[in-house]
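>>> pasting the sequence and the predicted coordinates here, then a few questions.
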Amino acid sequence: MIEQMVKWELRRLFKNRKFKIAFTLQLLVILLIIPLFGSYVKALEEGGFFNLSVGGKGYLPIGVSSEKNSLTEILSQNKRFEIVWTDQTNGMELLRSGRISALLVLEKDFEEKMRN
């Protein structure tokens, strides 16, 4: 009985030309969007700005161009950041290519300035 009701309702819906066009367009859009998500995740995993792993335990790659100090210790303790040690010129190239999402250039007297 329910099957007959569903068939009748679907037949009635698909008789309407506007509904057929709208349904077909929506279906095509959905079918076109689904592969984009796979491409997007693949691009991120291959070295985009964020590397998202299963379970949301992704990391944010940050380039650091300085000596180790209290700030870099704090960043290295946080598992959300991946520190890439680099010099300033190489760091700018990594930033332009999208391999890192930020570049920290800390002066040698950074600790002193923070205390004052």
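Looks like it came in fine.
>>> so, low pLDDT: which residues of this protein?
The model of the chain has pLDDT under 70 over residues 39, 43-59, 110-111, 116.
>>> check it for its longest helix and report it.
helix 17-45 (DSSP state H).
>>> next secondary structure after that helix?
Using DSSP states H and E, the helix or strand that follows helix 17-45 towards the C-terminus is strand 60-65.
>>> break the chain into its domains for me.
Listed domain ranges for the chain are 2-45, 60-115 (source: automatic domain parsing).
>>> hey, which of these is tucked in deepest?
Comparing those by mean neighbour count (mean count of other CB atoms under 10 Å), domain 60-115 comes out on top with a mean of 14. For glycine as for every other residue, the C-beta is placed from the backbone atoms N, C-alpha and C.
>>> which helix or strand contains M114?
helix 110-115.
>>> repeat for L95
Assigned by DSSP H and E, L95 falls in helix 88-97.
>>> dump that helix to PDB, keeping only the CA atoms.
Coordinates of each C-alpha in helix 88-97 appear next as PDB, following Å, rounded to 0.1, in the frame of the first residue of the first chain:
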ATOM      1  CA  GLN A  88      64.200  34.600   6.500                       C
ATOM      2  CA  THR A  89      64.700  34.400   2.800                       C
ATOM      3  CA  ASN A  90      64.000  30.600   2.500                       C
ATOM      4  CA  GLY A  91      61.000  31.200   4.800                       C
ATOM      5  CA  MET A  92      59.600  33.800   2.500                       C
ATOM      6  CA  GLU A  93      59.800  31.300  -0.400                       C
ATOM      7  CA  LEU A  94      58.000  28.700   1.700                       C
ATOM      8  CA  LEU A  95      55.400  31.200   2.500                       C
ATOM      9  CA  ARG A  96      54.800  32.200  -1.100                       C
ATOM     10  CA  SER A  97      54.600  28.500  -2.200                       C
END
